[in-house]
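Chemist: Here's a sequence, model it:
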Amino acid sequence: MSSSNSRLLNFPRIALQAVLLVLFGILSESSIHIRYEVEVGGNVTIHCPVEENREIDFLYLQTDKNGFVNGFHSIRPIENTWPNTEMALNNRAVVFYDVKISHSGIYYCIFDYKNNQRRTKEVPLSLSVIAPYSKPSVTSICSQDHLYCHVTCASHDGYPRREMKWNVGQKMNVTSHMWKVLNNSIEKSNSSTGLLSITGTAYFNCSNGELEYNCSVGNANSDNFLICGTEKPPFDVGIVVGSCSVLGVVLMVMLVVLWTKYKKRRLSFLEGVTTDNGGGTKEEIVELKGKNEVNS
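Modeler: Residues are numbered from 1 along each chain as shown. The predicted model follows:
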């Protein structure tokens, strides 16, 4: 009973701590005034806001996620620094080379001046790593009766997370029943790089005729396309050639059958004529058949 009461008594304190942590996170993010943005694979120099006319005792750049990144100390050497980083600008900045998605996050410049009575300063900085998405590729498929169409747009190798946006019927009033987004999916293009692929599919109701559309992710835009048009499907040479070949074979077979039947009827007719004229020897009949075959 006492343990349950103690938990109840501690509940308001735990709730207050949770609220304070959330507020601290919001305030910490909003209090960051130094922000850097760089494309993946590029280089960036992070400047710590130190006074140029003062001598530095130490300066460290670190992050909550992986701790120490790189730094400088006036007395002892610095070890265990991140690869592809180095100190620059008289030990007042840290350079990142070949930046990766994993480098995104909040960093802290922790520094102090000599003869400053250990008044250490800690300044938060934000590093955003981005990658432009590729121009969306577009594929479409329509029902045989051309009453509706599905269009899929796909864009690859970008960062951070975005949403596939659709621009439909810029030159006309388009209502919600004429088209709608069916789904949007985001997945990693490459697990090692962390880059993302975005795919979106939209449904178009063709009962109102032709619609113009395009799709976009960030600053990457597809071409403009028309959907639900009344034009005939594209001419497919392969299908036409194949159909003609089949038709040609069928016609050849029919001609052979008809010619065979004609020869049999002709032969029967000649035999009947010979018999009606009093018969004749086998040699005469064969000779007559040969002549008629030559004449035919």
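Chemist: show me where the stretch 101-250 of the chain has helices.
Modeler: Assigned by DSSP state H, counting those that start in this stretch, the helices in the stretch 101-250 of the chain fall at 237-276.
Chemist: can you list the weak-confidence ranges in it?
Modeler: Confidence mapping of the stretch 101-250 of the chain against pLDDT under 70 gives the ranges 170-172, 230-246, 249-250.
Chemist: do that again at 80, thanks
Modeler: Within the stretch 101-250 of the chain, the ranges that satisfy pLDDT under 80 run 117-118, 170-176, 229-250.
Chemist: what are the ranges of the strands in it?
Modeler: With strands called from DSSP state E, counting those that start in this stretch, the stretch 101-250 of the chain shows them at 105-113, 121-130, 137-142, 148-158, 165-168, 179-188, 196-205, 211-217, 220-221, 225-227.
Chemist: Distance to residue 94 and mean neighbour count for these - can I get that in CSV?
Modeler: All C-beta atoms are positioned from the backbone trio N, CA, C, and that covers glycine. Rendered in CSV, the data for the strands of the stretch 101-250 of the chain read as follows (distance: least, CB to CB, whole Å; neighbours: other CB atoms under 10 Å):
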stretch, distance to residue 94, mean neighbour count
strand 105-113, 9, 19
strand 121-130, 10, 16
strand 137-142, 39, 13
strand 148-158, 26, 20
strand 165-168, 37, 16
strand 179-188, 28, 13
strand 196-205, 27, 19
strand 211-217, 32, 21
strand 220-221, 31, 16
strand 225-227, 47, 15
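Chemist: Tabulate these (JSON lines), appending distance to residue 83.
Modeler: Listed next are the strands of the stretch 101-250 of the chain as JSON lines, based on distance: least, CB to CB, whole Å:
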{"stretch": "strand 105-113", "distance to residue 83": "16"}
{"stretch": "strand 121-130", "distance to residue 83": "16"}
{"stretch": "strand 137-142", "distance to residue 83": "36"}
{"stretch": "strand 148-158", "distance to residue 83": "23"}
{"stretch": "strand 165-168", "distance to residue 83": "38"}
{"stretch": "strand 179-188", "distance to residue 83": "23"}
{"stretch": "strand 196-205", "distance to residue 83": "24"}
{"stretch": "strand 211-217", "distance to residue 83": "32"}
{"stretch": "strand 220-221", "distance to residue 83": "31"}
{"stretch": "strand 225-227", "distance to residue 83": "46"}
